[in-house]
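S.K.: Quick check, what structure comes out for this input:
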Amino acid sequence: MAIALEQARRAAEAGEVPVGAVVLDAAGQVVAQAHNRVEAPPDPSGHAEILALRAAAQVLGTPRLVNCDLVVTLEPCAMCAQAIAHARIRRLIFGAYDPKGGGVEHGPRIFTQPTCHHRPEVIGGVEETAASALLKNFFAARRQ
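M.R.: Alright, predicted model coming up:
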């Protein structure tokens with residue numbers, strides 16, 4: 001989670017919503033890492049999770065990351081949750097819960113839907129305080 005939090009800080013420095021993600025292989029080694037890049041370049045799908053999954057697929061040479069874990073600082077949205085399912089991620093670990101935009105523990109709860117073809121193990125609330133603080137501070141500064 002420390003690497004994901006550092007990626008989130010980089011996103012904030014770039015003016016992006018501070019979300020960071022890391023893909024780990026079965027041995028716990030970093031395969032890919034990314035942060036939100038929605039604003040520059042303009043890309044509505046430029047969420048940290050999507051970018052990290054894309055990079056990991058390139059590194060490993062496969063679209064199915066069956067023995068990989070995804071660590072992300074914020075509960076994934078529905079779009080990212082679907083991408084996680086399609087990538088066959090083994091385990092999803094996230095920091096802050098997202099009651100408004102989350103798609104895993106909140107909202108559509110993608111992994112509980114009968115149409116979801118893969119359900120990763122989910123662990124939420126890891127370093128939740130640190131991840132939440134990054135987001136709160138980012139948005140508080142925007143409102144000033």
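S.K.: Report the distance from the helix or strand of the chain with the lowest mean pLDDT to the chain centre.
M.R.: Averaged element by element with mean pLDDT, DSSP states H and E, the chain has its least confident helix or strand at helix 128-143 (a mean of 96). For helix 128-143, the separation from the chain centroid amounts to 16 Å (computed by C-alpha atoms, centre = their mean, to the nearest Å).
S.K.: Any chance you could list what contacts it?
M.R.: With C-beta atoms under 8 Å, 6 or more residues apart in numbering as the test, helix 128-143 has contacts from 1, 5, 8-9, 12, 17-19, 73-74, 95-97. To be clear about C-beta, it is placed using only N, CA and C from the backbone, and glycine gets the same treatment.
S.K.: please redo it, this time with the cut-off set to 6 Å
M.R.: 5, 8, 12, 18, 73, 95-96 (C-beta atoms under 6 Å, 6 or more residues apart in numbering).
S.K.: For those, pick the one with the most neighbours.
M.R.: In terms of neighbour count, Thr73 stands highest of the contacts of helix 128-143 at 32 neighbours, by other C-beta atoms under 10 Å.
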